[in-house]
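Participant: Sequence first, predicted coordinates after that:
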Amino acid sequence: MLEFFIWFIMIGVFVEITTYVIVTYVNKKFQWLIIERDEKPKILPDALGKFIEHGYDPELGWVRKPNTWHLENGKYGQTKWNTNSNAARHNPDFEELESKISCYGDSFAFCRQVNDSETWEHFLSKMLHTNVKNFGVGNYGVDQALLRLKREYTKNRTPIVIMAVVPDTISRILSIWKHYYEYGNTFGFKPRFQLKNDILVLVENPINNKDKFLDYENALEHIKVQDYFYNNKFVKEKIRFPYSISIFRNMSRNFSIIFWILMISVLKKSKKSNQVIQWKPMQVVMRINLQWRVKLYADKDAVQLLKKLVEEYVKYVHKENSIPVFVFIPQKDDVLFVKKNYHFYKNIIKELQGITGIYLIDILDYFLNEEQIDQLYSDNNDYGGHLSIEGNMKVASIIYQKLIHRFQDTFGIKE
């Protein structure tokens, strides 16, 4: 009996050590498999310095800085974006023209993975013969976009103000540290709003001074309370001691990621790795993120917060005597999900349609009828990346038709 017990302990220790070695290896290779040390990730000074210089904003968390540029890959090769002196995206041939429209929102408003002359704002500028200003910022939720609008608008007044976001904005407005939802996004501290007695209350960016980055651990207890995803997602997906037991808590997720990361490592050594295999572990993460936003659109509190933020946007734009146009631009996996299942954010569309004075456009309605949906996005996978040139042309055409139908008399826009 004693001998059996000793063997049982030895096997248990061996399994635990082996699991620990595998998990920590995968964690180093793929940031989305999180372990105990991810509770307090290290802030690397060199990376922080670059972020402070190129993106940090004490109020908003991050922003596109004036007169900056960056290269990235698009559907047809390398692309480049530039910002002008107002920190808006450069709009070739239209910078000096009158602006009747300004746009705020996330990366689907900014239009990543295409050149400056290939954004939907640029195509819309051509159609309307006006400078459509682009103040979109990657990974923004409606909350940050609203704050940026209030900060920039008086310097960039336009008769129409477009707010364009992806449906995943519902997760972004619940976050105060992106790391708790997008593991590894350690510089992504941001403000958020909460509803108290049906009134929006601003929770300021906890790292509102660059010096606070190095002491961010002092703010962690506050951040954990304010961030929806710490207890609801991060803690539940974290693998911790005993690793051999904890790994089974999200078995499908964990084992899929571990399998594909180990497979990639083996294939790289044999020089047989390919893009399809390399996408596999991220595919697991993107599928779970899609499940989260579907779940959140069924959450009354999350939907109510989003509605209140949009109401505040409409209220502010009306106060400035302009017209608010709110646009949902779906990611590719949103479109694929709705085609196979149901319109998961239809409830918020109905809620927003009840807001007085809003003009609402859901691009999903038009993308659902597209047979060649792959052509509208830049990446050849289920996620799809950002809009391609063709996708941006399609969005511009949809918005153009909506605007000239509704506002041609007001703004002299003629078909």
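Facilitator: Thanks, I have the structure now. Numbers count the residues shown, from 1 in each chain.
Participant: And the pLDDT at Asn380?
Facilitator: Reading off the confidence values, Asn380 has pLDDT 87.
Participant: Leaving out chain neighbours, which residue sits closest to Tyr243?
Facilitator: Thr19 (4.4 Å; Cβ to Cβ, 6 or more residues apart in numbering). C-beta here means a position set from N, CA and C on the backbone, and glycine is covered the same way.
Participant: What strand or helix carries the one you found?
Facilitator: If you go by DSSP states H and E, Thr19 is part of helix 2-29.
Participant: what's the strand or helix carrying Val395 packed up against?
Facilitator: Per DSSP H and E, Val395 falls inside helix 389-411. Helix 389-411 is packed against helix 120-128, strand 160-165, strand 323-328, strand 359-362, helix 364-367, with contacts defined by 3 or more Cβ pairs under 8 Å, 6 or more residues apart in numbering; DSSP states H and E.
Participant: I'd like the average pLDDT over that helix.
Facilitator: What helix 389-411 shows for mean pLDDT is 88.
Participant: Strand 323-328 and that one, what's the angle between them?
Facilitator: 160 degrees (axes from the mean of the first three to the mean of the last three Cα atoms, to 10 degrees).
Participant: Buried residues in helix 389-411, which are they?
Facilitator: By 16 or more other Cβ atoms under 10 Å, the buried positions in helix 389-411 come out as 389-396, 398-400, 403, 407, 411.
Participant: Let me know the angle separating it from strand 160-165.
Facilitator: Using the same axes, to 10 degrees, helix 389-411 lies at 150 degrees relative to strand 160-165.
Participant: Could you export helix 389-411 as CSV, CA atoms only?
Facilitator: The C-alpha atoms that make up helix 389-411 are tabulated as CSV, following Å, rounded to 0.1, in the frame of the first residue of the first chain:
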residue,chain,number,x,y,z
ILE,A,389,-9.9,48.2,-50.8
GLU,A,390,-13.1,46.6,-52.1
GLY,A,391,-14.6,46.5,-48.7
ASN,A,392,-13.9,50.2,-48.1
MET,A,393,-15.4,51.1,-51.5
LYS,A,394,-18.5,49.1,-50.6
VAL,A,395,-18.9,50.9,-47.2
ALA,A,396,-18.3,54.3,-48.8
SER,A,397,-21.0,53.6,-51.4
ILE,A,398,-23.5,52.4,-48.8
ILE,A,399,-23.0,55.5,-46.6
TYR,A,400,-23.0,57.8,-49.7
GLN,A,401,-26.4,56.4,-50.8
LYS,A,402,-27.8,56.8,-47.3
LEU,A,403,-26.6,60.4,-47.0
ILE,A,404,-27.7,61.7,-50.3
HIS,A,405,-31.1,60.1,-49.8
ARG,A,406,-31.6,61.8,-46.4
PHE,A,407,-29.5,65.0,-46.4
GLN,A,408,-29.2,66.2,-50.0
ASP,A,409,-31.4,69.2,-49.5
THR,A,410,-29.7,70.2,-46.2
PHE,A,411,-26.2,70.0,-47.5
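Participant: angle of the helix or strand hosting Asn82 against helix 389-411?
Facilitator: If you go by DSSP H and E, Asn82 is part of strand 77-82. Relative orientation of strand 77-82 and helix 389-411, computed by the same axes, to 10 degrees: 30 degrees.
Participant: residues touching the residue nearest the centre of the chain, list them.
Facilitator: What sits nearest the mean C-alpha location of the chain, by Cα atoms, centre = their mean, is Asn139, with 3.6 Å. For Asn139, the contact set (Cβ atoms under 8 Å, 6 or more residues apart in numbering) comprises 62, 106-107, 172, 178, 182, 185, 188.
Participant: hmm, back to that, can you name every helix or strand that the strand holding Asn82 contacts?
Facilitator: strand 69-74.
Participant: Going by neighbour count, which residues in the strand it packs on are buried?
Facilitator: Residues of strand 69-74 classed as buried by neighbour count (16+ other Cβ under 10 Å): Gly74.
Participant: Stretch 334-352 too?
Facilitator: Quick answer for stretch 334-352 (16+ other Cβ under 10 Å): 334-338, 343-345, 348, 351-352.
Participant: got it, and stretch 74-84?
Facilitator: 74-75, 79, 81, 83-84.
Participant: What is the most widely separated pair among the buried residues of stretch 334-352?
Facilitator: Greatest spatial distance in those: Leu336 and Glu351, 24.2 Å, computed using Cβ to Cβ.
Participant: Endpoint to endpoint, stretch 57-66 covers what distance?
Facilitator: Stretch 57-66 has its terminal residues 12 Å apart, counting by Cα to Cα, to the nearest Å.
Participant: Report the distance from that stretch to the chain centre.
Facilitator: 15 Å (Cα atoms, centre = their mean, to the nearest Å).
Participant: For it, give me every contacting residue.
Facilitator: Here stretch 57-66 makes contact (Cβ under 8 Å, 6+ apart) with 51, 53-56, 83-87, 89, 110, 137, 139, 144, 147-148, 151, 187-191, 204-205, 207-210.
Participant: For it, buried residues please.
Facilitator: Buried positions in stretch 57-66, judged by neighbour count with 16+ other Cβ under 10 Å: 57, 60-64.
Participant: Check stretch 26-46 too.
Facilitator: Buried, per 16+ other Cβ under 10 Å, within stretch 26-46: 26-27, 30-35, 38-39.
Participant: so which of these comes closest to Lys238?
Facilitator: Closest to Lys238, out of all of the buried residues of stretch 26-46 and judged by Cβ to Cβ, is Ile34, at 5.0 Å.
Participant: For that closest one, list the residues it contacts.
Facilitator: 27, 183, 234, 237-239.
Participant: Can you tell me which of the residues you listed has the most neighbours?
Facilitator: Using other Cβ atoms under 10 Å as the neighbour test, those are led by Ile239, with 26 neighbours.
Participant: Quick check, that residue in contact with Ile247.
Facilitator: Yes: using Cβ atoms under 8 Å, Ile239 makes contact with Ile247 at a distance of 5.5 Å.
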